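Participant: Build me a structure from this.
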Amino acid sequence: MFVAAHRASWERLATLVQRAERPSRLTGADVDELIELYQRTATHLSIIQSRSPDAHLISRLSVLTARARAAITGAHDPAWSDFTRFFVVTFPAALYRTARWWVSTALASLALMTAIGVWIATHPRVIDTLVSPADVRQLVSHDFKNYYSAHPASDFAAGIWTHNALIAAGTLALGIFFGIPTIYLLWTNCVNVGAVGGVMAANGKLPEFFGLILPHGLLELTAVFIAAGTGLRIGWTLVEPGARSRADALAAEGRASFAIALGLVAMLMVSGAIEAFVTPSPLPTWARISIGVVVELAFLTYVVVLGSRAVNAGDTGDLDADLRADTVEATA
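Facilitator: Take a look at the predicted model:
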């Protein structure tokens, strides 16, 4: 009698659940009915479990209530929506909010590279203490230029992407040690770029140096500076957490740095592709450099426009609240 009395409502619930898989086909009244029938059927299931040994009926209603519950409370945005939100809101917000760190890092690094390059270019004896004359000739005549075309473009792009991703990951993640390893890695990178540029300039190859380094190097170095600036920010958070507890501050900055790290993967993928396919291409130098400049300006515009909009709307680059660890406020 119980089953006969309620079978119609169960069948109606099953129909609504099927339609709920296509939300555009549910009206407001349908949604209200779905919730009411779900609650009623859940009660029926509880009664049957306590009074009836009918395993088949219990299984059927258990599946039905589970599907109904999922239809009511278990819907999630599609993956592409999360992907879009990350690149439109989360990543630019994190970059914009921390801009003073990575912009300062970029300016200081570029100044250091320039100083090293000028010093080496104007002091020939310094070069002799670094490498032999034969190595210098090999570098300026063959190695620097051939480096970008010595391997198939696709393999070269993958290798460069992996190499730069490891450098960026190291400068970012090692910031947890008060930023000291980050400073060391950044210093090493600046010395290497400045020294090569100085050697090329001393041998009349400065136009070739910039013609090969700028197409991909603008975005690539920006990614390294962002990683280093983020690492330094994490290190400084340990020293000065502000109004938050040190643990809360480090957790928040760590989550935001994770968002930045994911975005850097995409940046380095783009710069690696440019380095493999554009830098060694037969395009004229001005065209190759123009591509690098356009990509860099597009990225900076992306950060300023979307980042400022997201920050003004209250986003910080942190994870959504429902993805963070649960916390309990301290009580006196």
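Participant: mind showing which ranges of the stretch 1-150 of the chain have poor pLDDT?
Facilitator: Residues of the stretch 1-150 of the chain meeting the criterion pLDDT under 70: 1, 21-26, 49, 52-55, 73-81, 149-150.
Participant: So what does Gly204 have for phi and psi?
Facilitator: Torsion angles at Gly204 (phi, psi; degrees, to the nearest 10) stand at phi 70, psi 20.
Participant: From Ile289, how far out is it?
Facilitator: Gly204 sits 19 Å away from Ile289, going by CB to CB, to the nearest Å. In this view, the C-beta of every residue, glycine as well, is placed from N, C-alpha and C.
Participant: same check, this time on Ser50
Facilitator: Distance of Ser50 to Ile289, given as CB to CB: 77 Å.
Participant: Show me which of these two is the more surrounded one.
Facilitator: Using other CB atoms under 10 Å, the more surrounded residue of Ser50 and Ile289 is Ile289, with 19 against 7.
Participant: Double-check that one against Pro215; I have them as touching.
Facilitator: Yes - using CB atoms under 8 Å, Ile289 is in contact with Pro215, at 6.0 Å.
Participant: helices or strands next to the longest helix that the chain contains in the packing?
Facilitator: Assignment by DSSP state H gives helix 206-239 as the longest helix of the chain. Applying 3 or more CB pairs under 8 Å, 6 or more residues apart in numbering; DSSP states H and E, we find helix 206-239 packed against helix 99-121, helix 144-146, helix 153-173, helix 180-202, helix 246-277, helix 285-312.
Participant: Now do the same contact list for the nearest residue to Phe178 once chain neighbours are set aside.
Facilitator: Spatial nearest neighbour of Phe178, excluding adjacent residues (CB to CB, 6 or more residues apart in numbering): Gly235 at 4.5 Å. Shown in contact with Gly235 (CB atoms under 8 Å, 6 or more residues apart in numbering): 175-180, 182.
Participant: Out of those, flag the one nearest to Pro124.
Facilitator: Nearest to Pro124 among those, counting by CB to CB, is Thr182 at 33.1 Å.
Participant: which non-adjacent residue is nearest the closest one?
Facilitator: Using CB to CB, 6+ apart and skipping residues adjacent in sequence, the residue nearest Thr182 is Gly231, 3.8 Å away.
Participant: how distant is the longest helix of the chain from the center of its chain?
Facilitator: In terms of CA atoms, centre = their mean, to the nearest Å, the centre of helix 206-239 is found 15 Å from the chain centre.
Participant: ok and it relative to helix 246-277, angle-wise?
Facilitator: Relative orientation of helix 206-239 versus helix 246-277 (axes from the mean of the first three to the mean of the last three CA atoms, to 10 degrees): 170 degrees.
Participant: Distance check, the residue nearest to Thr182 against Ser257.
Facilitator: To Ser257, Gly231 is 8 Å away according to CB to CB.
Participant: The two: which has the busier surroundings?
Facilitator: The neighbour count for Gly231 versus Ser257, taken as other CB under 10 Å, is higher for Gly231 (32 against 23).
Participant: Please give me every residue in contact with the more buried one.
Facilitator: Here Gly231 is in contact with 171-175, 179, 182, 257 (criterion: CB under 8 Å, 6+ apart).
Participant: Output those in TSV; the columns should cover distance to Val239 and pLDDT.
Facilitator: Converted to TSV, these look like this (distance: CB to CB, whole Å; pLDDT from 0 to 100):
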residue	distance to Val239	pLDDT
Thr171	18	84
Leu172	17	84
Ala173	18	81
Leu174	15	83
Gly175	11	85
Gly179	9	87
Thr182	14	92
Ser257	16	83
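Participant: any idea which of those is closest to Asn146?
Facilitator: Thr171 (28.1 Å).
Participant: wait, the closest one sits on Ala223?
Facilitator: No - the pair Thr171 and Ala223 fails to qualify as a contact (CB under 8 Å) at a distance of 10.0 Å.
Participant: follow-up on the earlier one: ok, of the contacts of Gly235, which one's closest to Gly307?
Facilitator: Gly307 lies nearest to Gly175 out of these, by CB to CB, at 20.8 Å.
Participant: That closest one: neighbour count?
Facilitator: 28.
Participant: Could you check how far it is from Ala261?
Facilitator: Counting by CB to CB, the gap from Gly175 to Ala261 is 11 Å.
Participant: which neighbours do those two share?
Facilitator: Counting by CB under 8 Å, 6+ apart, the common neighbours of Gly175 and Ala261 are Thr230.
Participant: what would the contacts of Gly231 look like in CSV with distance to Gln18?
Facilitator: Listed next are the contacts of Gly231 as CSV, based on distance: CB to CB, whole Å:
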residue, distance to Gln18
Thr171, 52
Leu172, 48
Ala173, 48
Leu174, 53
Gly175, 52
Gly179, 56
Thr182, 55
Ser257, 44
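Participant: Right, I'll call it a day here.
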